[in-house]
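Trainee: structure of the sequence below:
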Amino acid sequence: MSEFKTKALKELAEQQTRFAPPVRRQAQVASALKLLAEIDSSKTYPYQYVCFRVTEYRSEAHSDLLIGGEDLRHDLELFARRVERSLPALPIEQTVEPMLTLDEVSKRFNVSTKTISRWRVKGLAARRLKVNGRSQLGFPQPAVEKFVADHRDLVEKGAKFSHLTESEKDDILRLAQELRDGGGTLTDVSKKIAFKLGRSPEAIRYTIKNFDRGHPDHALFPTANGPLSATAKEQIVRAMNAKHTAKLTGDTVDTIAKRFGRTRSSMYRVINEVRAKELVRQPVDYIYNAEFDDPARANEMLAEMPGLAEFDGKRSGKSPPKDVPAHMIHLYEWPLLSKEQEQHMFRKMNFLKHQLHKFQESLDPTKAKVSDLIRVEELKEAIKDCRDLLISCNQRLVYSQAKQKLALGESIDDLVSDGNMSLMRAVEKFDYARGNKFSTYATWAIMKNFARSIPDAKTHKQRYMTGHDELFEAKADVRTDEQEVLAAADAARARVSRLLEHLDARTREVIRMRTGLDGSEEMTLEQIGQHFGITKERVRQINVRGMKQLREWAAKENVEVM
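Mentor: A predicted model of the protein is given here:
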C-alpha cells in the first residue's frame with residue numbers, strides 16, 4: 001500500500017499535508033477513516049463527493065472522475081496514513097486526557113496491531129504522540145472505553161484470535177500445499193484451513209500471501225503466465241517503485257520478475273509503458289504565451305528568480321509580527337515577492353508546463369525510454385517547485401481575508417483551509433502577461449470564494465449527507481475569472497477611497513496602513529504606533545472608531561464595505 005491508485009487523491013493528500021493547518025489535518029484523518037468504513041467495494045464514487053467528505057471543501061476539479069470502491073478503500077487508508085504522519089507529534093505529557101499507546105491497547109485486549117488498525121476504520125480515535133522521544137500512535141482512554149462499549153462483540157471476537165506461532169504458520173502452509181495440489185483456489189483453501197484451525201480466513205490468506213511474497217521461487221499460488229493484464233502491470237509498477245524506494249538492484253528485479261513469471265527486461269518494459277501511458281493521459285493546464293515558442297528566450301525564462309540571494313537572506317532572517325497567533329507563525333516564514341520576481345516565477349512555471357505539454361504530445365508510450373520518463377519527472381518537479389514557492393509566499397493573503405470574515409464561534413482554521421484551495425487555484429489560473437500584481441487577483445478570488453462558501457457551507461454539507469440529487473449541481477465558477485476579478489477590485493477600491501474621504505487624515509492613514517489598501521503589506525498595531533509615535537492601544541482605538549464611521553457612511557450611501 002505504498003502508492004495511490006488514483007492520482008487525484010494523491011494530489012489531494014500532498015496539498016493537505018503541505019498547506020492545511022494541523023487541526024484541519026487531524027479532522028481530515030478522522031473523516032477519511034469514517035468514509036472508509038462506509039465504502040462498498042462493488043460501487044463507484046465521484047471524486048468531488050470524496051473530496052468534500054474528507055475536507056469539507058466543494059472542489060470543482062475532476063468533475064467527471066469516478067473511483068472504484070476497491071481502489072477508493074485502498075487510497076483512503078493511504079490518505080489517512082500520509083496525512084496522519086504529517087501531523088506534529090504531541091508530547092504525551094501535554095495531553096489533557098489519559099492516553100494509551102498502541103502496545104498498551106494491544107496487550108489490554110489481546111489483539112494484534114493489525115486488528116487495532118481495523119478498529120480505527122470502525123471509529124476508534126487516535127492521534128500521533130511523542131513518547132520517550134519517539135513518535136507513535138496514541139489512543140485517548142475515554143475513546144477506547146467508548147469504542148469497547150459500542151463494539152463489544154467485535155472486541156471479544158478479536159481477543160479470541162491470538163498471534164500465530166511459527167509452528168501454526170508451518171501447519172497452515174503444509175495444509176495449503178495439500179489443498180492446492182487437490183485443485184483448490186487461494187480463496188477456497190483459506191476458508192477450509194480457517195474452519196479446520198479455528199482461525200479467520202483473512203489470517204490464513206495473509207499468511208499464505210506473505211509466504212509467497214517472501215519466497216517467489218516456491219510460491220504456493222504464483223501469478224499465472226500469459227499476457228499481462230492492466231491490473232498486473234500496475235502491480236508490477238507498484239512493486240518496482242517500492243523496491244526502488246529502498247534500493248533497486250538486479251537481484252530485487254529478478255525477484256519481482258519471478259513473482260510475476262516474467263523476465264527482468266519485461267519488468268522494465270512494463271514499468272516504462274505504464275508510466276508513459278499515465279503521463280500521456282494527464283492533461284497539462286497552463287496559461288499559454290507566444291514567447292514560449294521562441295527558442296532564444298528559453299534560457300531567460302528558465303533562469304533563477306531575480307534577487308534570489310536577497311530573497312533567501314530575507315527568508316533566513318524572517319520573523320513574524322508579535323500579534324500573530326502561534327499556530328499561524330509558519331505563514332510568515334516566506335517573504336513577499338516583488339512584482340518582478342512574481343512575474344518571473346509565473347512565466348517560468350507556465351513555460352515549464354508548456355514544455356511538458358509539447359513533450360507529452362511527442363511521446364509514444366510503447367516506445368518510451370527511461371530517459372523520457374526522467375525528463376517528464378524533472379519537468380513536473382520543477383513545476384511543483386515554482387508553484388509551491390508562489391503559494392507559500394502568498395499564504396498570508398488567505399489568513400488576512402480569513403480574519404476579516406471570521407464570525408463569532410467559527411474556527412479560523414476552517415476558513416484558512418478553504419481559502420488555501422482558492423489560492424492554489426488562483427496560482428494555476430493567473431495570467432502574468434496582463435501585467436497585474438497577483439496579490440490583487442488572489443485576494444479577490446479568495447474573497448469571492450468566502451462570499452459563496454461561508455453562507456452555503458451548511459447547506460452543502462446537509463446535501464452530501466442526505467444524498468439528494470442536487471448534490472452535484474454545477475454553479476458558475478466566478479472565483480477565477482480574472483477580468484471580472486480585477487474589474488471588481490478596481491470598483492471596490494474606488495468605493496472605499498470615496499468613503500475614506502469622510503475621515504480625518506490620521507484616521508484615514510491608520511486604516512490604510514492596517515488593511516494594506518494602498519497595495520502594501522498590512523502593518524501591525526505596534527508598527528503603526530511607531531510610525532505615528534503613539535501607543536498600540538491608541539492605534540487600535542483609532543482603527544475601531546474609523547471603521548465604525550465607515551460603516552455608518554456606507555449604510556447611508558448603500559455601499560458594501562469589506
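
Trainee: ok, the residue nearest to Met523 when sequence neighbours are not counted - contacts?
Mentor: Using Cβ to Cβ, 6 or more residues apart in numbering and skipping the chain neighbours, the partner closest in space to Met523 is Met513 (4.7 Å). For glycine as for every other residue, the C-beta is placed from the backbone atoms N, C-alpha and C. Listed by Cβ atoms under 8 Å, 6 or more residues apart in numbering, the contact set of Met513 reads Ser520, Glu522, Met523, Gln527, Ile528, His531.

Trainee: now the fourth one: how far from Lys322?
Mentor: Spelled out, that is Gln527. Using Cβ to Cβ, to the nearest Å, Gln527 is found at 10 Å from Lys322.

Trainee: quick one: which of those two has more around it?
Mentor: Legend: neighbour count by other Cβ atoms under 10 Å for Gln527 and Lys322, higher for Gln527 (17 against 10).

Trainee: circling back to that earlier point, following element in sequence after the helix or strand the residue nearest to Met523 falls within, please.
Mentor: Assigned by DSSP states H and E, Met513 belongs to helix 505-515. Using DSSP H and E, the next helix or strand after helix 505-515 towards the C-terminus is helix 525-532.

Trainee: roughly how far is that following helix from the heart of the chain?
Mentor: 39 Å (Cα atoms, centre = their mean, to the nearest Å).

Trainee: for stretch 13-30, same thing?
Mentor: Mean C-alpha position of stretch 13-30 versus that of the full chain (Cα atoms, centre = their mean) differs by 7 Å.

Trainee: with stretch 100-120 instead?
Mentor: Distance, stretch centre to chain centre, for stretch 100-120: 28 Å (Cα atoms, centre = their mean).

Trainee: which parts of it are buried?
Mentor: By 16 or more other Cβ atoms under 10 Å, the buried positions in stretch 100-120 come out as Leu100, Leu102, Val105, Ser106, Phe109, Val111, Thr115, Ile116, Trp119, Arg120.

Trainee: what does stretch 383-400 give?
Mentor: By neighbour count on 16+ other Cβ under 10 Å, the buried set for stretch 383-400 is 383, 386-400.

Trainee: tell me which other helices or strands the strand or helix carrying Arg275 touches.
Mentor: Following DSSP H and E, one finds Arg275 within helix 264-281. On a contact count with 3 or more Cβ pairs under 8 Å, 6 or more residues apart in numbering; DSSP states H and E, helix 264-281 meets helix 230-246, helix 250-259, helix 370-393.

Trainee: CSV for these, including distance to Glu56 and mean pLDDT?
Mentor: Output for the helices and strands packed on helix 264-281, formatted as CSV (distance: least, Cβ to Cβ, whole Å; pLDDT from 0 to 100):
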stretch, distance to Glu56, mean pLDDT
helix 230-246, 30, 68
helix 250-259, 40, 67
helix 370-393, 20, 90
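
Trainee: nearest to His354, of the ones you listed?
Mentor: Nearest to His354 among the helices and strands packed on helix 264-281 is helix 370-393 (10.0 Å), distances taken as Cβ to Cβ.

Trainee: and the angle from that closest one to helix 264-281?
Mentor: 40 degrees (axes from the mean of the first three to the mean of the last three Cα atoms, to 10 degrees).

Trainee: what's in contact with helix 370-393?
Mentor: The contact list for helix 370-393 (Cβ under 8 Å, 6+ apart) reads 18-19, 268, 272, 275-276, 279, 333-337, 342, 345-346, 348-349, 352-353, 355-356, 359-360, 363, 420, 423-424, 427-428, 438.

Trainee: from the residues you listed, list the buried ones, please.
Mentor: Looks like the contacts of helix 370-393 have 19, 272, 275-276, 279, 334-335, 337, 342, 345-346, 348-349, 352-353, 355-356, 360, 363, 420, 423-424, 427-428, 438 buried, using 16+ other Cβ under 10 Å.

Trainee: what are the boundaries of the strands in the stretch 101-250 of the chain?
Mentor: 127-131, 134-140 (DSSP state E, counting those that start in this stretch).

Trainee: in JSON lines: the ones you listed, plus distance to Val50, mean pLDDT and mean neighbour count.
Mentor: Shown next, in JSON lines, are the strands of the stretch 101-250 of the chain (distance: least, Cβ to Cβ, whole Å; pLDDT from 0 to 100; neighbours: other Cβ atoms under 10 Å):
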{"stretch": "strand 127-131", "distance to Val50": "23", "mean pLDDT": "80", "mean neighbour count": "18"}
{"stretch": "strand 134-140", "distance to Val50": "24", "mean pLDDT": "82", "mean neighbour count": "18"}
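
Trainee: with distance to Arg174 as added columns, please give those in CSV.
Mentor: Shown next, in CSV, are the strands of the stretch 101-250 of the chain (distance: least, Cβ to Cβ, whole Å):
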stretch, distance to Arg174
strand 127-131, 41
strand 134-140, 36
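
Trainee: for Leu503, which of those strands is the nearest?
Mentor: Among the strands of the stretch 101-250 of the chain, strand 127-131 comes nearest to Leu503, with 48.8 Å by Cβ to Cβ.

Trainee: ok, that closest one: who's next to it in the sheet?
Mentor: Sheet pairing of strand 127-131 (DSSP bridges) gives strand 90-91 (parallel), strand 134-140 (antiparallel).
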